[in-house]
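J.: A predicted structure for the sequence below; I have some questions about it.
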Number of protein chains: 2
Amino acid sequence: MTGGETVHGRTVGGLGEAGILGILNRRFAAVPAAEDWPEGTVGPGDDAAVVAAPDGRFVITTDAMAQDRDFRMSWPATAPRGAAAGGDFAGGYSTGWKAAAQNLSDVNAMGAEPSGLLLALTMPATTSVAWIDGLAAGISGAVIHLGASRCRVVGGDLGSDDRITLAITATGDLQGRPAIRRTLSARPRRTPGGADPGLDLVLCGRAGWAAAGLEVLDTGRQSLMRRLTSAPRAAGAGLHRTAALAAAAQLRPRPPLGAGRRAAEAGALAMMDVSDGLLKDAGRLATANGLRAELDPDWVRTEARALAPLARSLDRDAEDWVSAGGEDYGLLAVVPAGGPTGAQIPPGFRRVGRLVGRAGETDESSSEAVEAVEASGDPDGWDHFAAPLRSRPQSG
Amino acid sequence: MTGGETVHGRTVGGLGEAGILGILNRRFAAVPAAEDWPEGTVGPGDDAAVVAAPDGRFVITTDAMAQDRDFRMSWPATAPRGAAAGGDFAGGYSTGWKAAAQNLSDVNAMGAEPSGLLLALTMPATTSVAWIDGLAAGISGAVIHLGASRCRVVGGDLGSDDRITLAITATGDLQGRPAIRRTLSARPRRTPGGADPGLDLVLCGRAGWAAAGLEVLDTGRQSLMRRLTSAPRAAGAGLHRTAALAAAAQLRPRPPLGAGRRAAEAGALAMMDVSDGLLKDAGRLATANGLRAELDPDWVRTEARALAPLARSLDRDAEDWVSAGGEDYGLLAVVPAGGPTGAQIPPGFRRVGRLVGRAGETDESSSEAVEAVEASGDPDGWDHFAAPLRSRPQSG
């Protein structure tokens, strides 16, 4: 089942392109319903694939990932327990999972259902076959375990390079619904009394766990053990488990597929996924609408509670992780403010803040929010090309 | 118009992500009809794009290109004469053109019309802004000048890395036609007399020019001039022009968009584009159908004539260029053999060979063809990962 025995210790240079394709296609055949392609569609092996788009439109997105920037060859070698294709994947499993997950997340953020994935991969001839096998198993694993049951790996391209880069492209089907964009589809109507109901920011998924996980993975194993075991007895009991969960959140993020559709059906006015951190991404959502984002400090404080003991043992601030940490791939939506009952909040979402007018236009209640997000140039987000160049969190 | 003054000498590290996106989007706005997106579709700036698929299906393909493997930073800096966006693009123009062209070619090879392009780009902060501006102008240039009038750049992703890699994804619309695949859609019916009409290989586009151009580009300027001017007087007159045309074929390949649709309408049974050389790609087409490909040596000889003087001056064999050179992106189709009148050949195509049964099954006329293509492992084609690793022609 795993193929681990036959590929162990070999490099892709010894396999040739046909051999590599054989390994990839075997893994991708595990994706649900690969044997049952709709009439008129075409899978891997031709110049291009043909994917069904019953809606008459399709959603499409792409993400590039580079070795040592967006993933590490040193990442833990094992697939998660319970994964169908467990075994020694030399870190490739997590990289494949993450690459697929972040693209599926972008499709989700438009309110669509994933329909296809393409993989463009460059690598040196010295790349281990086990790593590539793991990469393919991780991509299939994410599709299966995140519940993208109509999604197939439809094609890709292989090339050689000195380092590994992969670019995944995902497509999705809107099933007749309008796409939920970053710009508001409508402004909520004023109530009969004339009051502006306002706009709430709501989140599905966690925040801060992937950033915490990066710290865990970046702390050497011995140093990590020393820090965790020297924590006060009260905190120590759950600390190892928190650290393991945080690492899993970084290695195998779980975007809430399906929540995009639910938010669309519940009347979300705008939406995006949180890839670069709540502060930066909420700021983008605000900027796209000429508004300003405010995170609710009470929510940040509450959300940070579960991470606080781990943060203390690593000399970090859990509230920073929650408000500025990226790569959790939660869904951030804008809904008409529902008041204390939260009646407008889609199922599975929580209120994390609000959108208000730009500075000078805020109403009197704005004093509740202290973490106002500037429209641009937020120092807590990631900009791949800010000067001087700052590397992404993974390479920090 | 060119923006060359404002970006000259700067690097992307000084621009930040927003600045880079501004430059890219300005160039991509030049692609035809970008201002006129169909109802319900979404362009760049959101988590994903939404592209029209009136057919209810769409074609999708991706290609990865790596610096020094698939393109060179040292490629000539100027855009072709007559290009709307001429100027100093530091070689990026040709790279962008080529990346777009090879993906548009894959869409063409399925018999579809290009509808969208995505660009996933990784690069170091030290990358020159002029190069990136040229890349974007080259992508737009290919879309415009190759006639992909319904195609738009719909999105992409930026990341940082030590070297430049780009992965372009293209989508296409089949306009209600079946996709033309590598596997035969049908076997031609026997004639009333019982004879098997056989299968012809027909090509739209040239072969060998891009390979010749690579030799021209790889020969130092002084050495090239010395070789060209020392040629016999009879050959010398057209030699500089042939060399320039060959270089242009390598830098800015011109896949015959529209020929895919014409071949489909004319009843082509199978089709692919020629990216890795006629011998290798015809072999793939044959293998996909359990057959063997034979190139017509008379055609190869005739096709090589225009390149022969250049080949002699560079100590190369023009027939090798024609039969094994890649990256011309012609369209290779299989049609029922039409006899000497060529009645079955789609407009713009020429007969270059045929498909026959595997060794032992060929009929008596097979002695006409000497360049039989083995089913696999052809030594004249490119395999990115053959052992020992052979680099692609561009890095040779």
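T.: All right, it came through fine. Numbering: from 1, shown residues only, chains lettered A, B, ... in the order given.

J.: which bits of the stretch 101-250 of chain A sit near chain B?
T.: A:105-107, A:109-110, A:112, A:116, A:118-122, A:125, A:154-163, A:165, A:167, A:169-172, A:174, A:178-179, A:181-182 (Cβ under 8 Å from any Cβ of the partner chain). Using the backbone N, CA and C atoms, a C-beta is placed for each residue, glycine as well.

J.: out of those, which end up buried?
T.: A:105-107, A:109-110, A:112, A:116, A:118-122, A:125, A:154-163, A:165, A:167, A:169-172, A:174, A:179, A:181-182 (16 or more other Cβ atoms under 10 Å in any protein chain shown).

J.: just to revisit the earlier point, now, the residues of the stretch 101-250 of chain A next to chain B that are in strands?
T.: When DSSP state E defines the strands, the subset of those inside them is A:116, A:118-122, A:154-160, A:165, A:167, A:169-172.

J.: CA-only coordinates of the strand or helix carrying A:G134 in CSV, if you can.
T.: Element membership for A:G134 (DSSP states H and E) is helix A:129-145. Provided in CSV are the C-alpha atoms of helix A:129-145 (Å, rounded to 0.1, in the frame of the first residue of the first chain):
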residue,chain,number,x,y,z
VAL,A,129,11.8,9.4,-4.3
ALA,A,130,10.3,8.8,-0.8
TRP,A,131,9.8,12.6,-0.4
ILE,A,132,8.1,12.9,-3.8
ASP,A,133,5.9,9.9,-3.0
GLY,A,134,5.0,11.6,0.3
LEU,A,135,4.2,14.8,-1.5
ALA,A,136,1.7,13.1,-3.7
ALA,A,137,0.2,11.2,-0.8
GLY,A,138,-0.1,14.4,1.2
ILE,A,139,-1.9,16.1,-1.7
SER,A,140,-4.3,13.2,-1.9
GLY,A,141,-4.6,13.1,1.9
ALA,A,142,-5.6,16.7,2.1
VAL,A,143,-8.3,16.3,-0.6
ILE,A,144,-9.7,13.2,1.2
HIS,A,145,-9.4,14.3,4.8
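
J.: measure how it sits relative to strand A:165-173, angle-wise.
T.: Between the axes of helix A:129-145 and strand A:165-173, defined by axes from the mean of the first three to the mean of the last three Cα atoms, to 10 degrees, the angle is 20 degrees.

J.: show me how far helix A:129-145 is from its chain's centre.
T.: 16 Å (Cα atoms, centre = their mean, to the nearest Å).

J.: and the closest residue to A:W209 other than its chain neighbours, what does it touch?
T.: The spatial neighbour of A:W209 that comes closest, neighbours along the chain excluded (Cβ to Cβ, 6 or more residues apart in numbering or on different chains), is A:A249 at 3.7 Å. Residues near A:A249 by Cβ atoms under 8 Å, 6 or more residues apart in numbering or on different chains: A:206, A:209-210, A:212-213, A:328.

J.: in those, find the pair that's most separated.
T.: The largest separation in the contacts of A:A249, counting by Cβ to Cβ, is between A:R206 and A:G213 at 11.0 Å.

J.: quick check: mean pLDDT across stretch A:26-37?
T.: Averaged across stretch A:26-37, pLDDT comes to 68.

J.: what's the span of it from first residue to last?
T.: 16 Å (Cα to Cα, to the nearest Å).

J.: which one of A:R206 and A:G213 has more residues nearby?
T.: Of the pair A:R206 and A:G213, A:G213 is the one with more neighbours under other Cβ atoms under 10 Å in any protein chain shown, namely 27 against 21.

J.: hang on, isn't the more buried one packed against A:A248?
T.: Yes. Using Cβ atoms under 8 Å, A:G213 makes contact with A:A248 at a distance of 6.9 Å.

J.: overlap of the contact sets of those two?
T.: Common contact partners of A:G213 and A:A248 (Cβ under 8 Å, 6+ apart): none.

J.: list the contacts for the residue nearest to A:L104 when sequence neighbours are not counted?
T.: Excluding its sequence neighbours, the residue lying closest to A:L104 (Cβ to Cβ, 6+ apart) is A:P114, at 5.0 Å. Contact analysis of A:P114 by Cβ under 8 Å, 6+ apart lists A:104, A:107-108, A:143, A:148, A:150-151, A:170-172, A:257.

J.: for A:A148, give me phi and psi.
T.: Torsion angles at A:A148 (phi, psi; degrees, to the nearest 10) stand at phi -90, psi 70.

J.: how far away from the center of its chain is stretch A:21-32?
T.: With Cα atoms, centre = their mean, you get 23 Å for stretch A:21-32.

J.: actually stretch A:254-272, not the one I typed
T.: On Cα atoms, centre = their mean, the centre of stretch A:254-272 falls 14 Å from the chain's centre.

J.: I figured A:Q175 hits A:G56, correct?
T.: No. At 11.0 Å, A:Q175 and A:G56 do not qualify as touching, with contact defined as Cβ under 8 Å.

J.: more crowded one of those two?
T.: Between A:Q175 and A:G56, counting by other Cβ under 10 Å, A:G56 is the more crowded of the two (15 against 12).

J.: and the more buried one, how far is that from chain B?
T.: According to Cβ to the nearest Cβ, to the nearest Å, A:G56 and chain B sit 6 Å apart.

J.: which residues does that residue contact?
T.: By Cβ under 8 Å, 6+ apart, the contact list for A:G56 reads B:52-54, B:56.

J.: helices of the stretch 251-396 of chain A, start to end?
T.: A:259-265, A:278-287, A:297-304, A:308-313, A:318-324 (DSSP state H, counting those that start in this stretch).

J.: now do the second one, average pLDDT.
T.: For helix A:278-287, the mean pLDDT works out to 95.

J.: what does the shortest one give?
T.: Predicted confidence along helix A:308-313 averages 95 (mean pLDDT).
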